[in-house]
Structures are given as structure tokens and as C-alpha cells.
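Q: Quick one, structure for this:
(chains A and B)
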Amino acid sequence: MTRVRIWLSRLWGVVGSRQSDREIDDEIASHLAEATDDYLRRGLAPEEARRAALRSFGGVPQAREVYREQRSFMWLEEVPRDVRYALRTLRRSPAFTLTAAATLALAIGTNTAMFSVLNAVLLRPLPYRSPDQLAMVWTEDPAQSLREGRSALWDVEQWRGQSRTFADMATFDTVSTVLTGADGVEQIAGASTSPNLLSLLGVRPVLGRSFSAEEAEQAQRLVLISHRFWQARFGGAGEALGATLVVNGEPARIVGVLPADFNVARIDADVWLPHTTHRTVRGGQTWFVIGRLQPGATFAQAQAEMSAVARRLDEQLPAVARNQGIAVIPLSRYIVGPQTRLALWMLGGAVFCVFLIAAANVTSLSLARGTARAREMAVRAALGANAGRIVRQLLTESVLLAAVSGLTGTLLAVWGLRLIRTFGPDNLPRLNEVGLDLRALGWALATSLLAGILVGLAPAMTTLRRDLRPSGEESGRSVSGGTSTRRIRRALVVAEFALAIVLLVGAGLLVRSWWHVTGVDPGFRTARVLVMEVSSPATLTDPARRADLYHRILEQIQAVPGVESAGTIDDLFTGNPREQVLTIEAAEGPVSERLRLARDEVSADFFSTLGTPLLRGRFFSIDDRLEAPRVAIVNDAMARRSWPGRDPLGRRFAFGSRDSGGPWYTVVGVVGDMRRQGLERDALPQIFVSLAQNPPSRNVALLIRTSSEDPLAMAGALRAAVRRVEANAPIYGVAPLDQQLGTYLTQRRFQTSLLAGFSAVALLMAAVGIYGLIQYSIAMRTQEIGLRMAIGARAGDIFRMIIGEGLKLSLAGLALGLVGATWLGRAGSSLLFGVTASDPLTFLAVSLLLTVVATAACYFPARRAMRVDPIRALRAM
Amino acid sequence: MTPDRSDVLYGTLGLMVVKTLEALGPLHGYLIARRIEQISGDQLALNQGTLYPALLKLEQMGWISSKWGTSESGRRVRIYALTRTGRKQLRQEEAQWQRAAGIVERFLKISEGSS
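A: Now for the predicted structure:
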């Protein structure tokens, strides 16, 4: 009660401060006058009476200070004055202010930018209703070590019917889609979805509506378009609704427009077509499945239930689909996989380390400055400032410094984010959502404040510890307060080096991984090869005519000057290929098994175009015609898997199960493994069949080896060659092959270059830190050095002493850092490729680098120390 | 014990102020200070400046009130008076203080006896 009263009254005191200031002055004045009168009455002379009154009153400024402290929340009313004073102080030492502000701004800026990325990719909820209830549901095949397999529509219908934990499930997938417009045909991004997808996600079209289950059932030709497509094709006009698009050769009516940036499981198609979910046949395992949990249900419950459902369904499934499970994976976990999560947290941690190092450096600087300002503080204390008052002043200075840095840093972050959005890895999910939102700004504010407090705290603490009474010694040669300051600064330098080491080791390991990854032989030569994807017209349904079309296109292309050879394949880079049933002829009869493999139709010159080596047997030839016995080429991985220790040449197999009656293929060749899932993943078993003998798919990738170092320059001529054969064939995805392979590395390049950059900054800052400390310590020890020289120390001894001091600190940091790096390296080992987390070469190189840098940083101050003139130094004592 | 100017404890000072005001009625600052020194038989030389923060605190606690008035010599001074709350609190404080002082006194006797 009383306490609240005092508090309120003090709060009031803040408001009425100006008037009360005058009142207490008046009161003290009359007090002194009364006392003087009293002493006069007692017979003192006027002068003496006045002095006696003052003496018995004690210090007037102190009394006023204590009084004001009691009256209100002093710090509140003194903030403006502190700020003004701090501004003046900072302006008076521009070198310190600029260095400190720039260091902190850089640290806060990078931190804020990185946090924005983390925030957008990992922390911000997905743009759906209650996104934490959404899960991807996969068919799982332990035998194939396939955890995230796609599912058949019939299966999904069973799951939906039997599940109690899932409120609903929807299916979707990309579908190859061509759009016929006024100016010909073009390939566009299309997807097919069950009608309930939008309602399941809780997403409403911005215009129009979604499909109904009946419409999907009746296979009505309806289509939803993306916001992007709507803007580009209809200029965002309302007439888009009800308009007709010719999709895959048939008209379809637009019923709705999706919200901007709508995507599901990273699929963001321009047109979405409905498909029915009621199936009497099981259908292919080709669909993505997303489910929404019942309110209150957990992922664990859903997983347990779906596992039970999978066991129940097992008997109803065909033999080849037996023993499959169902995996329930939270959507957020699917969209940002563990690898990306780890990488981002690592980068976030790294940038925070840089921030800590920067703060340590500025702290060290301001500590050095604090010692120099000891005299100023002593004067202020003499004038009635208590310790709290001085600490507040110091903190105001550092917080002000941090605020300026924070502002500059935020501007830096805006600029940095633009860079990241432009140059960041395309395959980093949700990168387009990255921006400075309120949370990121809050983070910038929080780091600025933290920096301000961290930087101000140490000088304030040492000020507190030092006796504030004015004393001659403080300003003179022996600085007693300097020892504790120096101890803190040494500790800071050790910490800086330890953090820098952790970052350097991390960066070193990633750089080594990068070398390994880029040194990996993909199994094909990418130089001078252009990729060009071509679709055959939708009207061309006969597979034989389609194969003929591709052959004619290849002929035309090979006739273009500058083309060395050309080949086709369905798609060179495979995602996660489906598992297939394969029947292999063995001594004891045909054996069926399911395995995950890539099966592709390739043209005769495919391998020679890519430079993939033939290990045994032969390539396809023009004799492998439709009427000829079917032949196949397998890769080394396939040969080792299915015919271990035996010669695969001449062996026979068929696609499908034993009784499906598919044609038999004879293996005629074995080629080297190709890494078609990016450089970091081992080659899958692959079977290549001849384009001439098999119905080719509607889209093929043309691979064209040119004689030009810049194959893209030939794109025009090659496009024209295709058009000469089929004017309406959509051509898309034209890019040099090395560039396509490179996209698999963008995320790794991103994290490697960022971490390398961060660690370079960290090392630089640590070097500056140790340089400043040594420099300062020499300045403080000039007399000591002079004395040592006077009693016989040689310049070399002094040099060694200084260097030794620096090395001691950096080695302590090194030891600490190496321990930390070993520990953290283990946690991040899944980001590495081809090196272990305790790679001795990296650790050795980093240790060496650090020692060299630390020595270099100490070298210049040590040189200066050698030149100390003993006579002059001693005279100053 | 030689009286030290800075040795008056804040809490004790407050009690002395309140007691003085109770005994002598409303007073201005300088008179309060003088009375305290006189009552202590000039054993206690008050650092008079410390009186004002103490007065302010008592006022904030609501034990005393103040208003501007004139001193005997005609100066504009602030005159402090005990409030009803203050009077009540003083009773409690007195009792507490006496209890504490009694305990200390008993201890002092023991140590005198044993030494």
C-alpha cells in the first residue's frame, strides 16, 4: 500500500519536475538563511555564520541530488539530458564512434537479414488455415527404403474412409499441360487435384469458386487459374471467370482464380484441373496426398492409425503392392526438410556468433576508452553524481550507439535481403516470402538493445568497481582500475577467437565438402551441351508416329552447323523415381521383384552425346528397330544389383510381374553410372531402352552437344530446326546442361559462401580485437618496457614478450574453439559431403591460419614496443 | 562514541522527525533539524541536507503533509505537519523501536557482565 503510494507520487514527480526543482532550491535557500540568522544570533560574524550554516547543512548539490532521486524516477526525467550528453561525447571521439557503429551495424544488419530468412522459411506459419493440422501422407515401402512414396487414388479412398484422426484427405500432382492459344501451343505448368483440396487447406479463390465433387465426378472440363496467370493473361480482369482455355487440346472453363503465391507442397501450377477420387481400379501410385487432422488429433495418433489401416488393407492389394506402410509427415516438416532446417539454423547461429564477436570488440574498445575517461568520471562523482548515475550515463551512451547501429543495420538488412532473394537458392522453400516483417524488425530492435547493454555493461561494471572518489593515482601512471579492465578485455579476445574458430572450422568443412561435391564425376560430360525440352502435339497419340517425330527432329538438329551430336531422353534429371515391378529370368525361372529404378527411352546417340562410357557390350544402333528383338542397356549399379558377380550381357528381363505378359528385353550393354539426382546422391539402378522400340512419352529432353563454348548462343538455330519438323511443338526449358546440374548445388553454394563470408568477417574482427588489445597494453606499459630495457632487456626480448602475450591469448581461444567446433561439427555432420566432421586437415589448416593472423595482428604493435626509448619512458615515470 | 555527521540512519531520522512534529506541532525544515540536534543534547550533529529527502519520503508515505508558510523571521518556508496516518504509524513505530532497543540493551548487559 505504502509502496504503491510512493511509487505513484514519484511518478507524479516526473511530470511536475520543473516546478519542484525550484521549490527545493527555495527551501534549501531559506534553510540556509534561517541557519545563518541563528549563528549570527549566537554571535558569529556574518561571513563565518554563513560558512557554519553551509557546513552543518552538508553538501548542497548532494542533498539536492538525493532529494530529486527520491522525488521521482530520476532516470526517466534525465533521459533527454543523458542522451544529449552522450551525443556530445560520441561526437567528440569520431574515430571510436565510427568504428563501433560500423562494426555493430554490420553485425546487426547481417543478423536481421538472416533472421528474416529463418523467420520466413522456418518460423512463420504456412499460409493455410490451421497449418499445424496438415500432414503429407505417403505410401511407404520399407523394402525399397522408400519413405515418401506417392500413392494410388484407390488406396487414398480407403484411407479416407477408414480414418478417424483425419478430417479429410486430398490428392494432387503436376500434369504435363499444353495450352493452345492464338499464337500456337505452349507448355504451361499444370496440376490436377481432387475437388476438396482448397477447402481442406482453407484457401479461398480470390475470384470465383473451386470445383464441386459432382463436377469432378462428371469429369467436367473446368479449370482454376493462378493469380500470376490471371494477371499475365487477363490483366487481372473479372472477365476471366467463365472464359474458356484450350487445355491439352480440349476447351475448359475458368471457374476461379487462386490467391497470389498459392502453392501446395511446392507445386505452384498455372492451371489446376479437377480429377475424381472415386475409383474402381487402383490406378498408378502417382499422387501426392495431403490430409487435415481432426481438431485435437496428434500426428502420432494419425501415424498409429494409418499404420493399422495399412496392415488391414494389405490383403486387398495386389501381390506387388504388399507390405507397404503409410507415413504421416507434418506438412511444415515436408516443405522444409531436416537438411535445410539444419543449414538455416547453422547459418543463423553463425551470424549470431559474428554479432557476439562484434559486440565483444566494441566492448573492448569502449573499455579502453573507459579507462581513459576515469578522470572524467571522478570529476562527475565529485560533483555529486553517484555510481548509479554514472552507470546510467555509460549505458545511455552505448544504447544510443547501438540504436544508431541498429538503424543503419536495418537498412543494410533490407539491402541484404534483396540480394538473398535474387541470388539465394531457388530450391530454398518459401524464399519468396522472405521480407522484413514486424517480427524481423523486432529482432533488429532486440539485437540492438542487447548490443547496447553488452557493450555498455563491462565499462559500467568496472567503473562501479573502481572507487569513484577522485584520486591522483587514477590519472597517473599506475592505473589500478586498468587491471580489471585488461582482464575483461583479454577474456573477450579469447572468446572472440574461440567463436571465430568455430565458424572457421564450419566454413572449412563446408568448403572441403564443396570441393568434393564439385569434384564428383556425374557420369556424363556437361560442357557445351544444351538441353531443350520438346512436347509432341496433343493430337499425336500414336506412339510410333511420336517416335518418328523425335527421330526426324534429331535429324534436323544434327544437320545444324555446329552440332556435334544429339540425343533424347525422357528427362535427364530424375526426382525420386517410382518403384517398379521387374521380372528377371534366372536359372530357376523368372523372379519378380519390386525395386526403385529409373527407366528411360533414349535415342541411339544419347550416350555418345553425353560422353557416358560404355563398360561392356554395345550401344543402341539403328538395327534395334520396332520389329527387332527388344534390347536394353543397364547401368553399372543395376548390373551389380540384379546380376551380382555375373555378366549381365545377354540376360533377359521384363517390366511388370511374371504373369503380366510384357515383352522380354535382352541386356546388350552396360554403361557407367550417371548421377541423375544431383551430384550428392549416388546413382540409382537405371534401365535404358531404345526410343525406336518403345512408346515414347509426350515430352522429351533433347541433349545437343555443340562445338560452341556457349551452347545457349545456338538456341535460336536449334529452335528453328525443331519448328521445321513440327511448327506447333512446344519448346521450353532451354538451358546449358552444366547450368542445370549447377542448380542442384545452389543451396550448398549458398550456405558455403555465406558461412565462409561470416567466418572471414569473424576472423577479421578477432584480429582487430587482439590488435587493439596489444596496442593498448603496450601504451599502458610503456614505462615498464622502458624500465626493462634500461636494466638490460634487448629489443628482441621485448618483441618476444609482446608477441608471446598475443599468442597466449589466441592459443587459449584456439583450444576453446576447437573443442566447440568438434562438438558442433558432429551435430552438423549431415551437411557435409566427403569429409568427416573431425576432418584433421581442416582443423589443422584453421589452427595454422588463426595463429598466423594473430601473430600478424600482434606484429605491428610489437615492433612499436621495440622502439620505446628507455630514457624518455623512464623520465615520464 | 563521537557523533559522525553522516551516521544518522535514514529510518531513525524519519522516526525522529515524526516524533518531533508530534511533540512540537508543525515546523519548517530548519527548526526540525535544530530540535533534533537539541533533543539529542547536541550529541547528534545532523547532516542537515539529508533531512529533506527524508521529509519528502515521509510525505510520499503520507505520514506528514506540507504547505508553504512564513517563518518567525518572515521568510517563505515550507511547514511540515503530522497527519492522522502519521500519528497512528508513530504509535506502532515507537512500540517496535522500544522492543528492539530493549533487546539490544539486554544483549549489551550480557556482554558487559561476561567481559
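
Q: Check what pLDDT A:Leu554 gets.
A: pLDDT recorded at A:Leu554 is 93.

Q: my guess is it is in a helix, correct?
A: Yes: secondary structure of A:Leu554 (DSSP: H, G, I helix; E, B strand; the rest coil): part of a helix.

Q: Could you check how far the closest residue to chain A within chain B is from A:Glu588?
A: Closest to chain A within chain B is B:Gly49: 3.1 Å, counting by C-beta to the nearest C-beta. For every residue, glycine as well, the C-beta is placed using N, CA and C. Using C-beta to C-beta, to the nearest Å, B:Gly49 is found at 110 Å from A:Glu588.

Q: quick one, which of the two is more surrounded?
A: B:Gly49 (24 against 6; other C-beta atoms under 10 Å in any protein chain shown).

Q: What are the neighbouring residues in contact with the residue in chain A that chain B sits nearest to?
A: Per C-beta to the nearest C-beta, A:Ala63 is where chain A lies closest to chain B, at 3.1 Å. By C-beta atoms under 8 Å, 6 or more residues apart in numbering or on different chains, A:Ala63 lies in contact with A:28, A:57, B:49-50, B:52-53.

Q: cool, A:Thr193 as well?
A: So A:Thr193 contacts A:170-172, A:272-275 (C-beta under 8 Å, 6+ apart).

Q: any idea of the pLDDT on the closest residue to A:Leu383 other than its chain neighbours?
A: For A:Leu383, ignoring the flanking residues on the chain, the nearest one in space by C-beta to C-beta, 6 or more residues apart in numbering or on different chains is A:Pro61 at 6.6 Å. A:Pro61 is assigned 81 on the pLDDT scale.

Q: A:Pro61: neighbour count?
A: 12.

Q: Going C-terminal from the helix or strand that contains it, what's the next secondary structure element?
A: Using DSSP states H and E, A:Pro61 maps to helix A:60-71. Once the chain leaves helix A:60-71, the next helix or strand it forms, by DSSP H and E, is helix A:74-92.

Q: Tell me which other helices or strands the helix or strand following that following helix touches.
A: Next in sequence after helix A:74-92, counting helices and strands by DSSP H and E, comes helix A:94-118. Applying 3 or more C-beta pairs under 8 Å, 6 or more residues apart in numbering or on different chains; DSSP states H and E, we find helix A:94-118 packed against helix A:74-92, helix A:338-372, helix A:387-423, helix A:438-465, helix A:746-780.

Q: ok, and for the longest helix seen in chain A, which residues are buried?
A: Looking across chain A with DSSP state H, the single longest helix is helix A:480-519. Neighbour counts over helix A:480-519 (16 or more other C-beta atoms under 10 Å in any protein chain shown) mark A:481-482, A:484-486, A:488-490, A:492-514, A:517 as buried.

Q: With stretch A:548-555 instead?
A: Here stretch A:548-555 shows A:549-551, A:553-554 as buried, counting by 16+ other C-beta under 10 Å.

Q: Just the CA atoms of that stretch, as CSV, please.
A: C-alpha atoms of stretch A:548-555 as CSV (Å, rounded to 0.1, in the frame of the first residue of the first chain):
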residue,chain,number,x,y,z
ASP,A,548,9.2,-41.0,-85.7
LEU,A,549,8.7,-37.3,-84.9
TYR,A,550,11.5,-37.3,-82.4
HIS,A,551,13.8,-39.1,-84.9
ARG,A,552,13.0,-36.5,-87.5
ILE,A,553,13.7,-33.7,-85.0
LEU,A,554,17.0,-35.3,-84.2
GLU,A,555,17.9,-35.5,-87.9
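
Q: who touches that stretch?
A: Stretch A:548-555 is contacted from outside by A:534, A:536, A:540, A:566-568, A:603, A:605, A:691-692, A:696, A:700, A:702, A:721-722, A:725-726, A:729, using C-beta under 8 Å, 6+ apart.

Q: Swap in 6 Å and give it another go.
A: A:536, A:566, A:568, A:603, A:700, A:722, A:725 (C-beta atoms under 6 Å, 6 or more residues apart in numbering or on different chains).

Q: Closest one to B:Gly69 out of those, please.
A: A:Val700 (104.8 Å; C-beta to C-beta).

Q: Which secondary structure state is assigned to the closest one?
A: Going by three-state DSSP: A:Val700 is strand.

Q: so what's the nearest residue to it once chain neighbours are set aside bridging to?
A: Spatial nearest neighbour of A:Val700, chain neighbours left out: A:Thr568 (4.5 Å); criterion: C-beta to C-beta, 6+ apart. Beta-bridge partners recorded for A:Thr568 (DSSP bridges): A:Leu702.

Q: quick one, what contacts A:Thr568?
A: By C-beta under 6 Å, 6+ apart, the neighbours of A:Thr568 are A:550, A:603, A:700, A:702.

Q: Got the domain ranges for chain A?
A: Following automatic domain parsing, one gets these domains for chain A: A:2-71, A:131-335, A:480-524+A:738-877, A:537-728.

Q: mind checking pLDDT for A:Asn427?
A: 69.

Q: which other residues reach stretch B:26-39?
A: With C-beta under 6 Å, 6+ apart as the criterion, stretch B:26-39 contacts A:31, A:34-35, B:16-17, B:20, B:46, B:48, B:51, B:71, B:77, B:79, B:81.

Q: which parts of it are buried?
A: Quick answer for stretch B:26-39 (16+ other C-beta under 10 Å): B:26-37.

Q: so of the residues you listed, which ones are in strands?
A: Using DSSP state E, the subset of the buried residues of stretch B:26-39 located in strands is B:27-28.

Q: Once you drop chain neighbours, what's closest to the residue positioned nearest the centre of chain B?
A: For chain B, the residue nearest the mean C-alpha position is B:Met16 (1.6 Å; C-alpha atoms, centre = their mean). Nearest residue to B:Met16, sequence neighbours excluded (C-beta to C-beta, 6+ apart): B:Ile36, at 5.1 Å.

Q: Please tell me the pLDDT value assigned to the one you found.
A: For B:Ile36, the model assigns a pLDDT of 85.

Q: Mind giving me the packing neighbours of the longest helix seen in chain B?
A: Longest helix of chain B, by residue count under DSSP H: helix B:84-114. For helix B:84-114, the packing partners by 3 or more C-beta pairs under 6 Å, 6 or more residues apart in numbering or on different chains; DSSP states H and E come out as helix B:10-24.

Q: buried sites along the helix it packs on?
A: Buried residues in helix B:10-24, counted by 16+ other C-beta under 10 Å: B:13-21.

Q: That helix - contacts with which helices or strands?
A: Here helix B:10-24 touches helix B:29-39, helix B:51-61, helix B:84-114, going by 3+ C-beta pairs under 6 Å, 6+ apart.

Q: Can you say which of these is packed in most?
A: helix B:51-61 (a mean of 22; mean count of other C-beta atoms under 10 Å in any protein chain shown).

Q: What strands flank the helix or strand just after it, and is each parallel or antiparallel?
A: Reading on from helix B:51-61 to the C-terminus, the next helix or strand found by DSSP H and E is strand B:64-70. Each strand paired with strand B:64-70, and its direction, by DSSP bridges: strand B:76-82 (antiparallel).

Q: got the angle for the partner strand vs helix B:84-114?
A: Interaxial angle, strand B:76-82 versus helix B:84-114 (axes from the mean of the first three to the mean of the last three C-alpha atoms, to 10 degrees): 70 degrees.

Q: contacting residues around strand B:76-82?
A: Under C-beta under 6 Å, 6+ apart, the answer for strand B:76-82 is A:27, A:30, B:21-22, B:26, B:28, B:64-66, B:68-69, B:71.

Q: Tell me which residues touch A:Ile785, please.
A: Neighbour list for A:Ile785: A:798, A:865, A:868 [criterion: C-beta under 6 Å, 6+ apart].

Q: same deal with A:Gly416?
A: Residues counted as contacts of A:Gly416 (C-beta under 6 Å, 6+ apart) are A:Ala113.

Q: Try it again at 10 Å.
A: For A:Gly416, the contacting residues are A:109-110, A:112-114, A:116-117, A:409, by C-beta atoms under 10 Å, 6 or more residues apart in numbering or on different chains.
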